[in-house]
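**Q** Compute the structure for the input listed below.
(chains A and B)
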Protein chains: 2
Amino acid sequence: MTTITSLETADIRFPTSLSLDGSDAMNPDPDYSAAYVVIRTDAGDGLEGHAFAFTIGRGNDVQVAAIDALRPHLEGLELEPLLDDMGATWRLLAHDSQLRWLGPEKGVMHMAIGAALNALWDLKAKRAGMPLWQVLSRMSPEQIADLVDYRYLSDALTRDEAIKILRAAEPGRAAREAELLRHGYPGYTTSPGWLGYSDEKLERLCREAVADGFAQIKLKVGTSLEDDIRRLAIARRTVGPDFPIAIDANQRWGVTEAVRWIGALAEFDLAWVEEPTSPDDILGHAAIAKAIAPIPVATGEHVHNRVMFKQFLQADALQVMQIDATRVGGVSENIAHLLLAAKFGVRVCPHAGGVGLCEAVQHLSMFDFVAVSGSMEGRMIEFVDHLHKHFVVPTVITDGRYVTPTAPGAGTEMHAASIEQYRWHATGPVA
Amino acid sequence: MTTITSLETADIRFPTSLSLDGSDAMNPDPDYSAAYVVIRTDAGDGLEGHAFAFTIGRGNDVQVAAIDALRPHLEGLELEPLLDDMGATWRLLAHDSQLRWLGPEKGVMHMAIGAALNALWDLKAKRAGMPLWQVLSRMSPEQIADLVDYRYLSDALTRDEAIKILRAAEPGRAAREAELLRHGYPGYTTSPGWLGYSDEKLERLCREAVADGFAQIKLKVGTSLEDDIRRLAIARRTVGPDFPIAIDANQRWGVTEAVRWIGALAEFDLAWVEEPTSPDDILGHAAIAKAIAPIPVATGEHVHNRVMFKQFLQADALQVMQIDATRVGGVSENIAHLLLAAKFGVRVCPHAGGVGLCEAVQHLSMFDFVAVSGSMEGRMIEFVDHLHKHFVVPTVITDGRYVTPTAPGAGTEMHAASIEQYRWHATGPVA
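**A** Numbers count the residues shown, from 1 in each chain, chains lettered A, B, ... in the order given. Have a look, this model is predicted:
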């Protein structure tokens, strides 16, 4: 019997605003940050669960305080029952009525629950000696289906339907796992497209993206239509007529404005339009999607739970689902998203970048390929070349593809030295 | 020139779980709590801005930490420009890109912003020497319209439409203000209906509610259909065939279950069904509303911002809008809700109870009556007889009606002695 002996947190902030990396129409000066959590036990095996919620600076202390509030829920508990039934462990935290009031199932408290649960997933994978994607891919359809909370989902997805989807993918699992280990998973890059970059830098990075073998590039838009047209023209000229270019407005527009603005950019042959408006506006996204068809609408990095994704799919309000590894209630809730996408026949192209999001979310896409959708068709994971060196198992990109990780764990552990160096103090480098 | 000298917070928790007051199908043991904020200045006039976010216990410390995170945004600022343009002050806090990432515009951080803004509203009203409802009711249509953030609203409500609504209500303002001061505003009571009460207590409280002159009673449902039928039969028998009885499921059901359960209770002539499912499930509410018509669906106490309310109205997913004084980004966002309701012709019956919610939200309904909808038709404010004595200007109920407050301020100030007595420490009465 193993007991959880501690849940420790750290407020980690990187001063990324100094270089304008990551600047977009809504987030001019982000300081990529992690509200970081470490779960330790008395097992004596040296294994720890590490995870985090990603934020962009101010308020990371609030996110840390929310994870701290979960300490009494986990410290002193027996570990094995928690890890053996992660569906029940989700309910233990997500259904706590007093904590739930703070959302419900959204915002700071929900992300904190996701971070704590993901630390347990990291520990579970390390104890199994496998990367998280493989742990998940080797569970039975019933075991996977039981990770999902069907409350509020059953009008769109029942447990029986989930099992049917998972069973249909069972025969090809071994072959797809082998393929994944050989060839990795497609990536696309947002690195060229930040608003703070000069035209010269944009052109150079576009050229490099194609040469590096990425499947797509993405440009930030939405601050100035004139600038967007100029920058898209540069990008299109640089990558050629057939290379996919997506755009990302980061919630900048209202519905009418979105339709008009996108219309003015349509000549550049857009692979998708991301976050055209508020992530809460399901009906707004549906109206935009209808108006700009056949250009697909992509969204999800700020979609706060499975109930919202359910409606986006029911309303045909997104054509590309962008799950995020730290926005929601952890791996279990993201599996609900993958199953919903499979049920509605929508492709999943995760949000990544920030700090550690690439490391974390690749496990979900790879699990999806092996055991859920069984497909890489039109699917790719966002890639931004930032801050990877701080992770014990950093993302590796070869020929524009994510190299499938084989190290045990969920990919969410940072180096102790990085944690110490970027630990935030009110008087520190990011004030 | 006046400067904000401090923003102080307090973690206040009342051990209400000990008496099962406030127990419902999702919240079995709430400890009504306030993440409390006081804004002080160097004006030397003795006036302070007081407000709070309401929570139900655990996590109130996280809510306090979120308000603390706003200190650098307000301390040291000149007060008058903030109070003179509360629309701009909303944007100062709600549009901070780094804090916004923690929602966006939802959950702990958004409620914290609401609490800080409401403390400024309290101070503004005290400086004007008027209750908040009157301060708002005497602003021009243009001034009121400029409090609202139309980003993401303009497909349903533009500034011009808001001004048109407000101008239409202008002629009758003085007469309605006089009527309000004479007769108050209708209330309804939830006190009989908590799940933890015995049948005898239920019957006694139903009788008292009618005798006290309330416009409606409300029963909590959703844990056991058998119990619900028995309790509704007792209530209906006690209050007679014509007295309105609403029910509240507190998000307990999925869509299919809700329709079935409500069908089994329809014989009791339900005035409305509240929170039948997840507060995020707009399309689910719409499906339920269609299936149970003509029984109205009521929701809103957990609807986290104006973008969500917009969609509830667009989808005909609610017939009674239940605004909440501390769930959203403060008075300005609630005014957006009132204007949306007026535009779509839906009645507003605020959520109250908890601690201080009656004191706070009555100002919004009264402002709505004087200057927005101009109507009390079918409208009433929830009333629960809990914890009022802790407030400097406590809610007064006469003949089942809220007596219109005339004391300066927003009603959100607690007695210093109550703050001290119920200040929470990890080792205190509510552990």
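**Q** quick one: A:Val108 and B:Gln63 touch, right?
**A** No: contact criterion C-beta atoms under 8 Å: A:Val108 and B:Gln63 do not qualify, at 9.1 Å. Just so you know, the C-beta spots here come from the backbone N, C-alpha and C atoms, and that holds for glycine as well.
**Q** what residues are shared contacts of these two?
**A** Residues touching both A:Val108 and B:Gln63 (C-beta atoms under 8 Å, 6 or more residues apart in numbering or on different chains): A:102, B:108.
**Q** so who does A:Leu132 touch?
**A** Neighbour list for A:Leu132: A:121-122, A:125, A:331, A:363, A:367, A:409-411 [criterion: C-beta under 8 Å, 6+ apart].
**Q** number of nearby residues for the closest residue to A:Gly240 other than its chain neighbours?
**A** Using C-beta to C-beta, 6 or more residues apart in numbering or on different chains and skipping the chain neighbours, the partner closest in space to A:Gly240 is A:Val210 (7.7 Å). When neighbours are counted by other C-beta atoms under 10 Å in any protein chain shown, A:Val210 registers 16.
**Q** List the buried residues in the helix or strand harbouring A:Val210.
**A** Assigned by DSSP states H and E, A:Val210 falls within helix A:199-211. Residues A:202-203, A:205-206, A:209-210 are the ones in helix A:199-211 that count as buried (16 or more other C-beta atoms under 10 Å in any protein chain shown).
**Q** Report all helices and strands that it contacts.
**A** The helices and strands touching helix A:199-211, judged by 3 or more C-beta pairs under 8 Å, 6 or more residues apart in numbering or on different chains; DSSP states H and E, are strand A:185-193, strand A:217-220, helix A:225-239.
**Q** now the longest one, how far from the chain's geometric center?
**A** Going by C-alpha atoms, centre = their mean, to the nearest Å, the spacing between the C-alpha centre of helix A:225-239 and its chain's C-alpha centre is 27 Å.
**Q** Equivalent analysis for stretch A:401-414, please.
**A** Counting by C-alpha atoms, centre = their mean, stretch A:401-414 comes out at 14 Å from the chain centroid.
**Q** Can you give me the neighbour number for the closest residue to chain B within chain A?
**A** Residue nearest to chain B within chain A: A:Gly107 (1.7 Å; C-beta to the nearest C-beta). Around A:Gly107 there are 27 other residues, counting by other C-beta under 10 Å.
**Q** Okay, angle between the helix holding A:Val210 and strand A:185-193 too, please.
**A** 170 degrees (axes from the mean of the first three to the mean of the last three C-alpha atoms, to 10 degrees).
**Q** Can you tell me the element A:Ala341 falls in?
**A** Using DSSP H and E, A:Ala341 falls within helix A:331-344.
**Q** Could you name the helices and strands sitting against that helix?
**A** helix A:86-94, helix A:107-128, helix A:132-137, helix A:159-168, helix A:306-314, strand A:320-321, strand A:347-348, helix A:357-367.
**Q** Which elements pack onto the fourth one?
**A** It refers to helix A:159-168. Applying 3+ C-beta pairs under 8 Å, 6+ apart, one finds that helix A:159-168 contacts helix A:141-145, helix A:331-344.
**Q** I'd like the distance from it to the chain centre, please.
**A** Taking C-alpha atoms, centre = their mean, one finds helix A:159-168 lying 24 Å from the centre of the chain it belongs to.
**Q** same deal with the last one?
**A** On the basis of C-alpha atoms, centre = their mean, helix A:357-367 sits 7 Å off its chain's mean C-alpha point.
**Q** does any bit of it sit next to chain B?
**A** No: figure legend: helix A:357-367 not in contact with chain B (C-beta under 8 Å from any C-beta of the partner chain); closest approach 12.8 Å.
**Q** Extract the C-alpha trace of that helix and format it as PDB.
**A** Below are the C-alpha coordinates for helix A:357-367, written out as PDB (Å, rounded to 0.1, in the frame of the first residue of the first chain):
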ATOM      1  CA  LEU A 357       1.600  22.000 -24.100                       C
ATOM      2  CA  CYS A 358       3.400  20.200 -26.900                       C
ATOM      3  CA  GLU A 359       4.900  17.800 -24.500                       C
ATOM      4  CA  ALA A 360       1.600  17.100 -22.900                       C
ATOM      5  CA  VAL A 361      -1.000  17.000 -25.700                       C
ATOM      6  CA  GLN A 362       0.900  14.800 -28.100                       C
ATOM      7  CA  HIS A 363       0.000  11.900 -25.800                       C
ATOM      8  CA  LEU A 364      -3.700  12.500 -26.400                       C
ATOM      9  CA  SER A 365      -3.400  12.700 -30.200                       C
ATOM     10  CA  MET A 366      -1.300   9.600 -30.300                       C
ATOM     11  CA  PHE A 367      -3.800   7.700 -28.100                       C
END
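**Q** Direction included, what does whichever helix or strand comes after that helix pair against?
**A** Helices and strands here follow DSSP H and E; after helix A:357-367, the next one along the chain is strand A:381-383. Neighbouring strands of strand A:381-383 in its sheet, by DSSP bridges, are strand A:185-193 (parallel).
**Q** Rounded mean pLDDT for the strand it pairs with, please.
**A** Mean pLDDT, computed over strand A:185-193, is 94.
**Q** got the angle for it vs helix A:357-367?
**A** Here strand A:185-193 points in a direction 150 degrees away from that of helix A:357-367 (the same axes, to 10 degrees).
**Q** Other residues contacting strand A:185-193?
**A** Defining contact as C-beta under 8 Å, 6+ apart, one finds that strand A:185-193 is touched by A:201-202, A:205-206, A:208-209, A:212, A:214-220, A:231, A:235, A:244, A:246, A:248, A:349, A:353, A:362, A:365-366, A:369, A:376, A:379-385, A:397, A:400-402, A:404.
**Q** Could you rerun that using 7 Å?
**A** With contact meaning C-beta atoms under 7 Å, 6 or more residues apart in numbering or on different chains, strand A:185-193 is reached by A:202, A:205-206, A:209, A:214-220, A:353, A:362, A:365-366, A:369, A:376, A:379-385, A:397, A:400-402, A:404.
**Q** Quick one: closest of the helices and strands packed on helix A:159-168 to A:Ala174.
**A** A:Ala174 lies closest to helix A:141-145 among the helices and strands packed on helix A:159-168, at 15.1 Å (C-beta to C-beta).
**Q** CSV for the helices and strands packed on helix A:159-168, including mean pLDDT?
**A** Below are the helices and strands packed on helix A:159-168 laid out as CSV (pLDDT from 0 to 100):
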stretch, mean pLDDT
helix A:141-145, 98
helix A:331-344, 98
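**Q** which of those helices sits most buried?
**A** Burial of the helices and strands packed on helix A:159-168 is given as mean neighbour count (mean count of other C-beta atoms under 10 Å in any protein chain shown); helix A:331-344 ranks first at a mean of 24.
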